[in-house]
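[1] Build the 3D model from these lines:
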Amino acid sequence: MTGSEGVLSLRGRIVTSGTVLEDGVITVGGTRVTDVGDSAEWSARHGGRVLPEFLGTVVPGLVDIHNHGGFGHRFDTVDVEDAQAAAEFHHTQGTTSVMASIVTAPGAEMVAQTAALRELAAAGVVAGIHAEGPFLSEVRCGAQDPRFLIDPDPDLIAALVQAADGWLRVMTLAPERPGFDRAATLLADHGVIVALGHSDASFAAFRAALSPTGPGTLVTHLANGMPPLHHRAAGPVAAALVAAAARQATVELIGDGVHVDSGFGALVFATAPERVALITDAMQAAGMPDGSYRLGPQTVRVIDGVARVAGGSIAGGTATLLRCLRWAVRECGVPLPVAVRAATDIPAAAAGLSEVGDLRPGMFADALILGDALELRRVLRRGQWLS
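    Presented below is the predicted three-dimensional model:
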């Protein structure tokens, strides 16, 4: 690692969305990547200067597009400092871009939370806002509070869009709810990505919403908040996998080893390796000991690292995205370059984040230095070392 006059050079085994350079150098100027190439090219361009030290495996900063908080802090809040602390925790753990997710609550509360998060999005602390609810299925509500689930309401959508001021990037809806089509059109008209989830829809209905002419392009935490995959009732899981294999949708996969079995994870990657977005679905308890926490209006109890609401449903995750990446590699047998894409450029593209998720020239200088066991050594965010 070398640096002079605001220029930083990182040397290592560089694993990005497009290539693997066994011995490469990334050059950073200010907050952006300015060049990427192998060590021989770097030496030729720099007139015999001594190569930077070899740091280990270098990957793009991770991108989590579904995250409710961490380290005792929440995104479903009107306390801007609390939400900022949640984001900064995940930054230090390698997730240099994190979407702030809010959950089902009374409409006025969701609007107020969105307005608060807008400040952090505008400041670059979070990458945008994701609204998970309240237009979801009561049958598949999971940890969403069923008291506040409603049919799609254009007035509430308009209020959320206005409060977000351009930073509402994703909203999760159940396609079977009356008014879905109108709501999806309204969201799309405002540049909001329509995600399908917490749904009890049939295969046909879910697949239609993910068709080339359907509004959906993202599937919220595949298999969670849905009926199980069954050979006589294929349902949303099969519909999502078919759409992902056809490159008509991206499927989120919670890779914490709790929400889905590693065999299911292997199936998903084998079916659509270029359309899997690893997520954490992290909540307030991520990075914290067992105990009582909150997710939206509900109390959550964490035992042995697993968060559940009183009714028994899993209530978000407690892992970091780097841990999810390691799960994909170690437990699901996914090659490292494929797993890296699933935690970087694939979720970035799915959420419309164009400046993160890769290490191409012009992108934000977000990078992780990993050891041989994929342990975190250092985090670079926007050209500055966080650890």
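[2] give me every residue that touches Ala350.
    65, 193, 217-218, 250, 277 (C-beta atoms under 8 Å, 6 or more residues apart in numbering). (Each C-beta comes from the backbone N, C-alpha and C, glycine too.)
[3] quick one: which of the residues you listed is most hemmed in?
    Ile65 (31 neighbours; other C-beta atoms under 10 Å).
[4] And that one, what's its pLDDT?
    Model confidence at Ile65, given as pLDDT, is 98.
[5] Next: the one 4 residues further on.
    Note on Gly69: pLDDT of 98.
[6] Tell me how far Pro273 lies from Ala266.
    As judged by C-beta to C-beta, to the nearest Å, Pro273 and Ala266 stand 11 Å apart.
[7] which residues do the two both contact?
    By C-beta under 8 Å, 6+ apart, the residues touching both Pro273 and Ala266 are Val334.
[8] Narrow the contacts of Ala350 to those in strands?
    193, 217-218, 250, 277 (DSSP state E).
[9] With distance to Ala112 and pLDDT as added columns, please give those in JSON lines.
    Listed next are the ones in strands among the contacts of Ala350 as JSON lines, based on distance: C-beta to C-beta, whole Å; pLDDT from 0 to 100:
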{"residue": "Ile193", "distance to Ala112": "22", "pLDDT": "98"}
{"residue": "Thr217", "distance to Ala112": "28", "pLDDT": "97"}
{"residue": "Leu218", "distance to Ala112": "25", "pLDDT": "98"}
{"residue": "Thr250", "distance to Ala112": "30", "pLDDT": "98"}
{"residue": "Ala277", "distance to Ala112": "28", "pLDDT": "98"}
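[10] Which of those sits closest to Arg11?
    Ala277 (29.1 Å; C-beta to C-beta).
[11] thought the closest one was touching Val251?
    Yes: here Ala277 reaches Val251: they are 7.0 Å apart, a contact under C-beta atoms under 8 Å.
[12] anything in contact with each of those two?
    Common neighbours of Ala277 and Val251 (C-beta under 8 Å, 6+ apart) are Leu218.
[13] ok, Val161 - contacts?
    168, 187, 190, 192.
[14] gap between it and Arg118?
    For Val161 relative to Arg118 (C-beta to C-beta), the value is 11 Å.
[15] any chance of the contacts of Val161 in a markdown table, with pLDDT, neighbour count and secondary structure too?
    Below are those laid out as a markdown table (pLDDT from 0 to 100; neighbours: other C-beta atoms under 10 Å; DSSP: H, G, I helix; E, B strand; the rest coil):
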| residue | pLDDT | neighbour count | secondary structure |
| --- | --- | --- | --- |
| Leu168 | 98 | 26 | strand |
| Leu187 | 98 | 24 | helix |
| His190 | 97 | 16 | coil |
| Val192 | 98 | 25 | coil |
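[16] neighbours around Phe54, how many?
    Around Phe54 there are 14 residues (other C-beta under 10 Å).
[17] Longest helix of the protein, counting residues only.
    helix 107-122 (DSSP state H).
[18] which residues are contacting the very next helix or strand once past that helix?
    Using DSSP states H and E, the next helix or strand after helix 107-122 towards the C-terminus is strand 129-132. The contact list for strand 129-132 (C-beta under 8 Å, 6+ apart) reads 65-66, 99-104, 110, 114, 117-118, 121, 144, 160, 164, 167-172, 195, 197-198, 220, 351.
[19] mind listing the helices in this protein by residue range?
    Going by DSSP H, the chain shows helices at 39-45, 80-92, 107-122, 154-164, 180-189, 203-209, 235-245, 262-271, 321-330, 336-342, 345-350.
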